[in-house]
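J.: Turn this into a model:
(chains A and B)
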Number of protein chains: 2
Amino acid sequence: MKSTKLLQKLIIPATTKIVLLILDGLGGLPLEPGGKTELETAHTPNLDRLAEQSALGLTQPAGPGITVGSGPGHLAIFGYDPVEYEIGRGALEALGVDFELGPDDVAARGNFCSVDENSIITDRRAGRVPSAKARELVELLNTIKVDGIEFFVEHVKEHRFAFVMRGEGLNDALSDTDPLRVEAPILKVRAMKHEAEKAARAANQFIEQARCLLADKHPANMITLRGFAKLPTLPTFQELYKLNAAAIAINGMYRGVARLAGMEVLDASGDTIADEFAKLEECWHDFDFFYLHVKKTDTFGEAGDFEGKVRAIEEVDALMPRLIALKPDVVIVTGDHSSPAVLKSHSWHPVPMLMYANHVRADGIPEFGERACARGSLGILPAKHILPIALANAGRISKYGA
Amino acid sequence: MKSTKLLQKLIIPATTKIVLLILDGLGGLPLEPGGKTELETAHTPNLDRLAEQSALGLTQPAGPGITVGSGPGHLAIFGYDPVEYEIGRGALEALGVDFELGPDDVAARGNFCSVDENSIITDRRAGRVPSAKARELVELLNTIKVDGIEFFVEHVKEHRFAFVMRGEGLNDALSDTDPLRVEAPILKVRAMKHEAEKAARAANQFIEQARCLLADKHPANMITLRGFAKLPTLPTFQELYKLNAAAIAINGMYRGVARLAGMEVLDASGDTIADEFAKLEECWHDFDFFYLHVKKTDTFGEAGDFEGKVRAIEEVDALMPRLIALKPDVVIVTGDHSSPAVLKSHSWHPVPMLMYANHVRADGIPEFGERACARGSLGILPAKHILPIALANAGRISKYGA
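T.: As a prediction, the model looks like this:
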């Protein structure tokens, strides 16, 4: 992290404001060879005008060919090396339900599952038990007590829940209990190193009590836990960049990752994109860095709905004049990864990015799209390089050397 | 190698097929400022059509400004950091004559030379002794015996030969015997560290016996040895990427480097480029990664024969429909380095590269050439990034994080 250290040393305070607008899964592909991507198809007069005054590029979240989840994708755009700072499965699950994970909590992803009389798994998802039923069972699990340890179980969806242990000296080097196949017994939690023995004991005690409580609840008559993880400890935006940062995001995971970076997570009054932009306007004078997250682009991309993704992009475009009217000093518009509708999934393709600022060296390319960004002066860049360039454009980095 | 470790962790098996076509020394320069390079001059309708459906870029084998030999150039395209994995001179020489170097063998580059009665070098190349004569002398050297050590001497060309020692506990930290100038005495092999003393002793015993055997063979009355080296140990394509890889290459060194990466080295029925393509067709169902090597482009480049290089490129272009007819999932066409005819040597100039795949984000640039590739969306990229992007396009990398 030599380069981050240099950056941190050079940071100076300023009164400028930076807006980072992340359209989740923004990057796309054409439906047919030679066709246009979702972003290229969308009618985006406001983003196009902004692009003309911006430097354009394509970002790689975690290296060439690597497809990332939204966790590492966001860490990278926030300036953290996503390979160095890994967010474990369990921690992500807890963040996803907006659980305020403490630095010493150990989280895991939980599943309700079905077992037979010999404790052999017959269904790893308990027949995708309906959410209403699962919520009742979660209540039951929340009654479990083990001396010196607090447990939190939060329902996610159907058979899925987030599991959190809180207590002194809990280490997350723990093995999964899920054998990842049926017709196999559920495994004990094992400490992968000596320091994790206390945590392993606590988890196993919880599981044994869960077994008794759920015995007559077939198909959801047992649980599995996997991906035990603490939150990584990140230096915050305040520590690194002297930035007073706010996050405007609806979904839990994005809010959690922002909190990890030391941002204050704001609640919009509703769950539309317009509500998020309204929150930005409302809090404009309270912060100097705003991370604004739009989920819909990814949702449509993953669903394979090309047209839906196009409309989501157009919805954002129509709101852009409200953002511009605030006169931000720096605006970044990009995605945390690509989610081409044609692939119905996240993908490795570099992500379009525009950086607008008063003294940015604008490319003069009057279009925001994959091929336009490929011609941009920022070239293909690691996503973790976005923030330093934004800080420079915001007058927040002093000179190195004389 | 953090990124390689991440990649290895994310690899998933697939049934897709990747073809890596390396035109040795592909990159070029115009004969006159403002003119066209060899590749730009060549009539390449098939490569141009493929380029239109591909992502284009320019690759740097080992970093900006670095001219590489074919060894590091190939390692980089195979995904290995060519600075981290160095193939020593001696090992390359042995690979070049298709010698199957074992993991414990120590190889060196050998020269016949001329010495006077005081053992002072008078000609470092023994008057470039004719190959026929040199081959006789090599036979003689192959009669040398030292207890517990096997020696192999393989003629290369004129005064050059490859020297290999095989035996238990041989270390390659050995100094050269070649003083690299005339009117100097031949040096003793010295162990550069304690563990190499056995190998130094063996090499010096060999050299003393060679001195006796060659005493009356002026001008080739002595030998020098330099560049002692074992093969580096590389994790194989199978270990790293779960790829069942084949190499189709005529020349020894390329075959050796491919073997080092764990590829199965195939024999074409003849030594033309068409024979290599025929072998590809023949073995299409037996492997999922094919490295196809074309030597001629480099040979003409190094000879300063611009027209010859143009014709070699056109010869490959005419064969491309046979490759495309196999319906590979991913096709990469590039070179291991540049060899502009105008320079008559390898050069540091970035190398044109196209990557074709079903879901590649095609640039739509209908031309394969240096300037076309400079406009490509892959930008200038380290050659070691080619393979991860190819693997992603082949559906062989799972998502990192959630």
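
J.: if I look at the residue of the stretch 201-350 of chain A found nearest chain B, how far off is residue B:171?
T.: Proximity to chain B, evaluated over the stretch 201-350 of chain A using Cβ to the nearest Cβ, is greatest for residue A:348 at 4.0 Å. For every residue, glycine as well, the C-beta is placed using N, CA and C. Between residue A:348 and residue B:171 the computed distance is 42 Å (Cβ to Cβ, to the nearest Å).

J.: out of the two, which sits in the more crowded spot?
T.: With neighbours defined as other Cβ atoms under 10 Å in any protein chain shown, residue A:348 and residue B:171 compare such that residue A:348 has more, 27 against 19.

J.: what mean pLDDT does the helix or strand encompassing residue A:201 have?
T.: Residue A:201 belongs to helix A:197-214 when assigned by DSSP states H and E. Taken as a whole, helix A:197-214 has a mean pLDDT of 97.

J.: Now do that helix: which elements does it pack against?
T.: strand A:106-115, helix A:131-141, strand A:160-166, strand A:222-229 (3 or more Cβ pairs under 8 Å, 6 or more residues apart in numbering or on different chains; DSSP states H and E).

J.: any residues touching whichever helix or strand comes after the first one, and which ones?
T.: Pointing back at strand A:106-115 there. Proceeding N to C from strand A:106-115, the next assigned helix or strand is strand A:121-123, under DSSP H and E. For strand A:121-123, contacts defined as Cβ atoms under 8 Å, 6 or more residues apart in numbering or on different chains pick out A:113-116, A:179, A:181-186, A:219, A:222, A:224.

J.: what's across from residue A:151 in the sheet?
T.: Residue A:151 has these beta-bridge partners by DSSP bridges: residue A:165.

J.: rewinding a little: give me the number of residues near the residue nearest to the residue of the stretch 201-350 of chain A closest to chain B when sequence neighbours are not counted?
T.: Of all residues not flanking residue A:348 in the chain, residue B:392 sits nearest, at 4.0 Å (Cβ to Cβ, 6 or more residues apart in numbering or on different chains). When neighbours are counted by other Cβ under 10 Å, residue B:392 registers 23.

J.: can you check the one 5 residues further on too?
T.: Burial of residue B:397, expressed as a neighbour count using other Cβ under 10 Å, amounts to 24.

J.: returning to what we had before: just checking, the residue nearest to residue A:348 touches residue A:65?
T.: Yes. Counting by Cβ atoms under 8 Å, residue B:392 does reach residue A:65; the two are 3.6 Å apart.

J.: Now for these two: what residues contact both?
T.: residue A:348.

J.: one step back: what's the most buried one of the helices and strands packed on helix A:197-214?
T.: Mean neighbour count (mean count of other Cβ atoms under 10 Å in any protein chain shown) peaks for strand A:106-115 among the helices and strands packed on helix A:197-214, with a mean of 26.

J.: So what are the sheet partners of it and their directions?
T.: When pairing is defined by DSSP bridges, strand A:106-115 lines up against strand A:121-123 (antiparallel), strand A:160-166 (antiparallel), strand A:222-229 (antiparallel).

J.: List the residues that contact residue A:213.
T.: Residue A:213 neighbours (Cβ under 8 Å, 6+ apart): A:140, A:141, A:143, A:144.
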